[in-house]
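[1] Return a 3D structure for these sequence lines:
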Amino acid sequence: MLSKLRALIRDPHIVRAIEQGIVQRTAGGIHNLRVAVTGDRLLIQGNTTTYYVRQLAELAAEQVLGFRDPELIEFDITVRRHNARAR
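    The predicted structure follows:
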């Protein structure tokens with residue numbers, strides 16, 4: 001089973017579908033989005049301004065894959081809030 005999951009995350013069509021799913025689900029809310037396979041893991045990186053958008057990105061990836069496995073998928077999405085302007 002594990003080898004089938006690893007083969008799935010190496011499929012370039014799946015990687016592209018994950019990226020497209022994240023962009024659609026978050027309405028482009030993940031900046032500098034990168035979805036790549038490194039070794040036996042899927043790495044999803046980017047930046048956003050809210051934890052909600054980060055959660056949406058994780059859900060989008062899980063929907064495409066049909067599972068969530070922290071040993072195979074690494075979410076490295078940083079949440080950086082905009083600084084409020086000084087008044």
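
[2] least trustworthy helix or strand in the protein by mean pLDDT?
    The weakest-scoring helix or strand in the chain, judged by mean pLDDT, DSSP states H and E, is helix 2-10 (a mean of 75).

[3] Give me the phi and psi angles of residue 49.
    phi -100, psi -10 (degrees, to the nearest 10).

[4] ok, now which ones touch the most centrally placed residue in the chain?
    Closest to where the C-alpha atoms of the chain average out (C-alpha atoms, centre = their mean) is residue 44, at 4.0 Å. With contacts defined as C-beta atoms under 8 Å, 6 or more residues apart in numbering, residue 44 is in contact with 18, 22, 33, 34, 35, 57, 61, 73, 74, 75, 76, 77. Just so you know, the C-beta spots here come from the backbone N, C-alpha and C atoms, and that holds for glycine as well.

[5] Not counting its neighbours along the chain, what's nearest the fifth one?
    Beyond its immediate neighbours in the sequence, the residue positioned closest to residue 35 (C-beta to C-beta, 6 or more residues apart in numbering) is residue 19, lying 4.5 Å away.

[6] follow-up on the earlier one: what is the orientation angle of the helix or strand hosting the residue nearest to the centre of the chain with helix 2-10?
    For residue 44, the host element (DSSP states H and E) is strand 41-48. Orientation of strand 41-48 against helix 2-10 (axes from the mean of the first three to the mean of the last three C-alpha atoms, to 10 degrees) gives an angle of 40 degrees.

[7] which parts of the next helix or strand after strand 41-48 are buried?
    Using DSSP H and E, the helix or strand that follows strand 41-48 towards the C-terminus is helix 51-65. Neighbour counts over helix 51-65 (16 or more other C-beta atoms under 10 Å) mark 53, 54, 56, 57, 58, 60, 61, 64, 65 as buried.

[8] The second one touches residue 80, doesn't it?
    No - between residue 54 and residue 80 no contact is recorded; they are 10.8 Å apart, counting by C-beta atoms under 8 Å.
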